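1. Model the following, please.
(chains A, B and C)
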Amino acid sequence: MNPIDLLIATLQLRLGEYLVSVYGSENWVFVVRDVLTVLTISTFCLLIVIFLIWLERKVIARMQDRLGPNRVGGRYGLLQTVADVLKLLTKESLTPAGADKWAYNLAPLLIVMTALLMWAVIPFGPGAMGADLNIGVFYILAVSSVSVVCLLLAGWGSNNKYALLGAFRSVAQLVSYEVPMVLSLLIPIILAGSMATEAIIGAQYIPFLFVIPLSAVIFFISALAETGRTPFDLLEAESEIVAGFHVEYGGMKFGMFFLAEFIGTLLMSALFVTIYWGGYTLPLVNLVLGVFGLPPIDLASLAWGRTLSLPIFFGKVFVIYFVFIWIRATLPRVRIDQMLNLNWKFLVPLSLVLILVVAIVDKALPANTNVWAYSGIMLLANILIAVGAIELLRRRGRQERAAAEAAHDDELADISAEALPAAHH
Amino acid sequence: MTNEVLQNWQFIFIFVALSPIFPAAPVILNRLLGPQKPNAIKQQTYECGIETVGDTWIQFKVQYYIYALIFVVFDIEAVFLFPIAAAWGLLGLFAVFEVALFIIILAVGLYYAWNRGALEWF
Amino acid sequence: MTSQQVIFIILAVITLASGLVVVTNRNLFHAALAMMLSFFGVAGFYVLLEAPFLAASQLLVYIGAISILIIFAIMMTRRLMSTDESPFNSQWIAALFGTLLIGGLIIFVIVSVFSPFGDIIIANSAPPSLAVQESTVLLGRSFVDPDQYVIPFEIASVLLLGALVGSIAIARPEKES
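-> Residues are numbered from 1 along each chain as shown, chains lettered A, B, ... in the order given. Here you go, the predicted structure:
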């Protein structure tokens, strides 16, 4: 083992391959590699959240014409979150009276565990991922469904009515939006012919965002709801149920819920990039290069390909993450009935129709169809469904508005009919 | 483990085994660094300063349960559809009719729930 | 001992111990949690059996959906949390009988497949020689293959429809107008 080779292999994100080349394909080598990968991914997730919180506060502040954090750590308040973490660490950790101690203490651990475990199948570069499971996307869905249990644990364990009410609301929201999310993810799987995340990236000659945009939009809306972000932040509607399921938590235990929310949001951005935007590859750049007759950029064949793909991947992830923040700064919170109606009466039927149409179009086109023709027809089908759905919504909205106005007019007529005779006598 | 599939899953097992460390470490550190002076008033249930009345673990409205029920049905539907979606390129035209029938039968269920008012929040 | 055996033993201990907690614990909520842990152990077994899709389905359906439903049901039941009843009732003899029957069946199947005389009892129980990477795709193909499971697949959707309609009819007996 040569320290310089070791350093180079680490910087190339090829430490596992290096260890295997030095010590052979022994199982303990794989275990060491896996442990190192777990430590790297998890530590990265914990540390990036410090930056994400700062970013979110700063961006929202600028959008709302404020300054945001600007005292701790220089002009830009870069160390504000570090100070917040230190504050959380030195808080007294309380357990409320009458709490179910098991559930109360287990919930913050479990929610961070599930948020971390989802990162196992996200490819950061060609071959640079925890485990290339052949059920990749389905694995993420399965793990994320476990996080619902954590909310129930927290709400139940706190012995607080608002916490329990918040937990019930959150569970209703999360399980509802899991349906359109799962259904919309079926569509890229149909196109790619695989559930493995690397295979889905490999199938994106044209990014799926431009082939099946409707699926991407449905996924994005459900991702907003699944992470409990505005406009779906009913989980912690401060004005109604104090703070939702984690009202009784303080100190670092509260910090863990916060942490899980941010890791989850970043994960959803990463998943969106992986499935709809070509992950660490540059499909659009490759298409432009192809127009000029140049060979495409093949990161997998470069020695430093994995390192080079990191800025590409995270550049895209932060663009999507910025959209998450942007929406938070723009939209107000919806009501619980609106939230559930949007899901069950709009997104679920829409995604069912979309699956049917995509499945039929895919089979109707001959197998040797040109990729451009195929993508164009898919895109057209998506746009047609989207226009149809929006037109239906508009008609429905117009009808409801007319009904409400008619009812209002009747009311006014009633009032004047009652009021006028009274005035005469 | 020699098999390649299990090799990948060995990583998941290791991840599951190690992942509690990352949330547990800050919580334990918090325990060590923070003061420990509990008292009865501090540990009261937090309801904006008003003393809590009655039992917390009360009955909840049935609407939550209905949404969970509908969710279970559609979740299982999706589980059936995932392997078919992954194999879609290898399937014949006949599969289109079968999958369409499968989805339409469940869409009927959604229509029934909608019509029956089970999707209304009340 | 291979790492596979180590993982198997850990999973077996988790599954059995949490299963025991499910039936002996008086706190229904804790029993439900233990049941989830037990489901999780079973998902681990599926992984060891090289059926990862089934393992993820176990997580998604049993932990993410069925358990939530069970907890909701517990919360809607009146005063079940303050019960002092013993978890053992008068039907334990029948339960014991049923358990022994199922245990015997499982032992019969295991012995018939893996014993040297196994081929006498069950013919054609050749070990599956499917390419494991393709197992999910094979599952998908067999769902819609007219020669295999297309009828059960369509019946499953009717079953789900029945469950949905039935549960809504019970939970919301009157249509509000």
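
2. just for chain B, where's the confidence low?
-> B:1-3, B:47-60, B:122 (pLDDT under 70).

3. Show me the residue at the heart of chain A, geometrically.
-> Note on chain A: the residue nearest the mean C-alpha position is A:M268, at 2.3 Å, using Cα atoms, centre = their mean.

4. Contacts for whichever strand or helix holds C:I9, please.
-> Secondary structure assignment for C:I9, by DSSP states H and E: helix C:3-24. Residues outside helix C:3-24 that contact it (Cβ atoms under 8 Å, 6 or more residues apart in numbering or on different chains): A:27, A:31, B:1, B:6, B:10, B:13, C:30-31, C:34-35, C:37-38, C:40-42, C:44-45, C:48, C:87. C-beta coordinates here come from the backbone N, C-alpha and C atoms, glycine included.

5. ChimeraX command for the buried members of the residues you listed?
-> Selection of buried members from those for ChimeraX, criterion 16 or more other Cβ atoms under 10 Å in any protein chain shown:
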select /B:1,6,10,13 /C:31,34,35,37,38,40,41,42,44,45,48
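
6. In helices, which of the contacts of helix C:3-24 appear?
-> Assignment to helices by DSSP state H places the following of the contacts of helix C:3-24 there: A:27, A:31, B:6, B:10, B:13, C:30-31, C:34-35, C:37-38, C:40-42, C:44-45, C:48.

7. residues touching the nearest residue to A:A196 once chain neighbours are set aside, list them.
-> Spatial nearest neighbour of A:A196, excluding adjacent residues (Cβ to Cβ, 6 or more residues apart in numbering or on different chains): A:G136 at 4.6 Å. When contacts are counted by Cβ under 8 Å, 6+ apart, A:G136 touches A:V121, A:M195, A:A196, A:T197, A:E198, A:A199, A:I200.

8. try 6 Å
-> The neighbours of A:G136, taking Cβ atoms under 6 Å, 6 or more residues apart in numbering or on different chains as the test, are A:V121, A:M195, A:A196, A:T197.

9. C:A31 reaches C:L37, doesn't it?
-> No: in this structure, C:A31 is not within contact of C:L37 by Cβ atoms under 6 Å, at 10.8 Å.

10. thinking again about what came up before, tell me the pLDDT at the residue nearest to the centre of chain A?
-> We have a pLDDT of 94 for A:M268.

11. what's the answer for the one 5 residues further on, then?
-> A:V273 carries a pLDDT score of 94 in this model.

12. again with A:E248
-> 78.

13. Checking it next. Helix, strand or coil?
-> coil (DSSP: H, G, I helix; E, B strand; the rest coil).

14. Could you pull up the residues touching it?
-> Per Cβ under 6 Å, 6+ apart, neighbours of A:E248: A:P96, A:S158, A:N160, A:A163.

15. helix or strand right after the helix or strand containing the last one?
-> Spelled out, it's A:A163. Using DSSP H and E, A:A163 sits within helix A:161-192. As assigned by DSSP H and E, the chain's next helix or strand after helix A:161-192 is helix A:197-202.

16. now check that following helix, is it near chain B?
-> No: if you take Cβ under 6 Å from any Cβ of the partner chain as the test, helix A:197-202 misses chain B, and the best it gets is 9.5 Å.

17. counting contacts, what elements does the helix or strand just after that helix pack onto?
-> Downstream of helix A:197-202, the first helix or strand assigned by DSSP H and E is helix A:213-226. Counting contacts by 3 or more Cβ pairs under 6 Å, 6 or more residues apart in numbering or on different chains; DSSP states H and E, helix A:213-226 is packed against helix A:161-192, helix A:371-424.

18. got the angle for helix A:213-226 vs helix A:161-192?
-> 160 degrees (axes from the mean of the first three to the mean of the last three Cα atoms, to 10 degrees).

19. Work out the gap between helix A:213-226 and the centre of the chain.
-> Between the centre of helix A:213-226 and the centre of its chain there are 9 Å (Cα atoms, centre = their mean, to the nearest Å).

20. pLDDT on that helix, on average?
-> Across helix A:213-226, pLDDT averages out at 93.

21. ok, residues contacting it?
-> A:177, A:180-181, A:184, A:187, A:209, A:232, A:268, A:276, A:347, A:351, A:354, A:382, A:385-386.

22. same check, this time on stretch A:117-132
-> A:13, A:37, A:41, A:133, A:136, A:139-140, A:143, A:197-198, A:267, A:270, A:279-280, A:299-300, A:305-306, A:309, A:313, B:8, B:11-12, B:15, B:19.

23. End to end on it, go ahead and measure it.
-> 13 Å (Cα to Cα, to the nearest Å).

24. Quick one: low-confidence residue ranges for the chain.
-> Going with chain A. Checking chain A against pLDDT under 70 turns up A:235-243, A:419-425.

25. Hmm, no, I was thinking of chain C.
-> The model of chain C has pLDDT under 70 over residues C:1, C:77-88, C:115-134, C:173-177.

26. what are the ranges of the helices in it?
-> Using DSSP H, helices in chain C cover C:3-24, C:28-48, C:52-57, C:67-76, C:92-114, C:118-121, C:135-144, C:150-171.
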